[in-house]
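J.: got a sequence here, can you model it:
(one chain, ligands or ions: 1)
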Amino acid sequence: MKMKLYEEGEKSKAICAHCRQLVSTTFLRRDVPFSDGKGTVKNILAAVCDVCDRVVAVPAQSTPAIREARQKEVKPIEAQLPAIYLDVLDLAAYMIDSTNSTEFRKVLMMLYLHRFASGEYPRTRLINAHRSAIEHFKEHRGAARRRLSMKVTPRIAEDLRTLMDETTLSQTEVIKSVIYQIRSDVIEAQKPALLKELGVLSIIYA
Ligand SMILES: [Zn+2]
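T.: Numbering: from 1, shown residues only. This is a model prediction of the structure:
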């Protein structure tokens, strides 16, 4: 396939959906909204209709920038958990700062997922946490379950994927293990340096 590199100010022709005709266009830098309307890509080169000033086409050279902007979008992570796991997150959030809301669940989870995935916290600790969680929080048939739903960055979604691949735990099992580790560190051990760090995060993010 032949590709052309377009430059700012260059002229072309295209069908404009708004003008409903073949129009002359000029390549200009524009902020282009995603087709689903959620977010925009800044300053990419686009063919702009000379009649109505709307973006009518985006050249191939602008595609990587669109992809990059898409990457920065949020990804939902969901799990149905025994209610006790959400209580653990919420008590930990409360202990860090009594004004924290359930929004802080996400901050706690992202920090831990990233630290486990990066190796800052060893994999063995996650595996042990999984074992302890199963022993400690026995799951009785018909016990109340609640949904943990978080929108995270693609980077954190990737961290979760890494942990699943490298431990063979399911997504729900990784999430339970992480929450159990949060219980150990924050609620049980009340590690001072960690609590201080989380206190700062609660000011910034929650
Ligand atoms: Zn037009």
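
J.: what's the biggest strand by length in the chain in contact with?
T.: Assignment by DSSP state E gives strand 21-33 as the longest strand of the chain. For strand 21-33, the surrounding residues in contact (C-beta atoms under 8 Å, 6 or more residues apart in numbering) are 6-16, 39-52, 55-59, 62, 66. (Each C-beta comes from the backbone N, C-alpha and C, glycine too.)

J.: partner strands of the helix or strand following it and their direction?
T.: Sequence-wise, the next helix or strand downstream of strand 21-33 (DSSP states H and E) is strand 40-49. Paired neighbours of strand 40-49 in the sheet (DSSP bridges): strand 21-33 (antiparallel), strand 55-57 (antiparallel).

J.: please spell out which residues along the longest one are buried.
T.: When you say that, I think you mean strand 21-33. Under the neighbour-count criterion of 16 or more other C-beta atoms under 10 Å, strand 21-33 has 23, 25, 27, 30, 32 buried.

J.: ok so, going back, present the strands paired with strand 40-49 as TSV; the columns should include distance to residue 118 and mean pLDDT.
T.: Compiled in TSV, the strands paired with strand 40-49 are given as follows (distance: least, C-beta to C-beta, whole Å; pLDDT from 0 to 100):
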stretch	distance to residue 118	mean pLDDT
strand 21-33	34	93
strand 55-57	40	91
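
J.: of those, which is nearest the ion?
T.: strand 21-33 (5.3 Å; C-beta to the ion).

J.: what about the closest one, distance to the chain center?
T.: 32 Å (C-alpha atoms, centre = their mean, to the nearest Å).

J.: return it as CSV; C-alpha atoms alone will do.
T.: The C-alpha trace of strand 21-33 is given here as CSV (Å, rounded to 0.1, in the frame of the first residue of the first chain):
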residue,chain,number,x,y,z
GLN,A,21,-20.2,16.9,-1.6
LEU,A,22,-16.6,16.6,-2.8
VAL,A,23,-14.8,19.5,-1.3
SER,A,24,-11.3,20.8,-1.2
THR,A,25,-9.5,20.2,2.1
THR,A,26,-6.5,21.6,3.9
PHE,A,27,-4.3,19.6,6.3
LEU,A,28,-4.3,21.4,9.6
ARG,A,29,-3.5,20.5,13.3
ARG,A,30,-6.7,19.8,15.1
ASP,A,31,-8.0,18.2,18.3
VAL,A,32,-10.0,15.2,17.0
PRO,A,33,-12.6,13.5,19.1
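
J.: thank you kindly, that will do.
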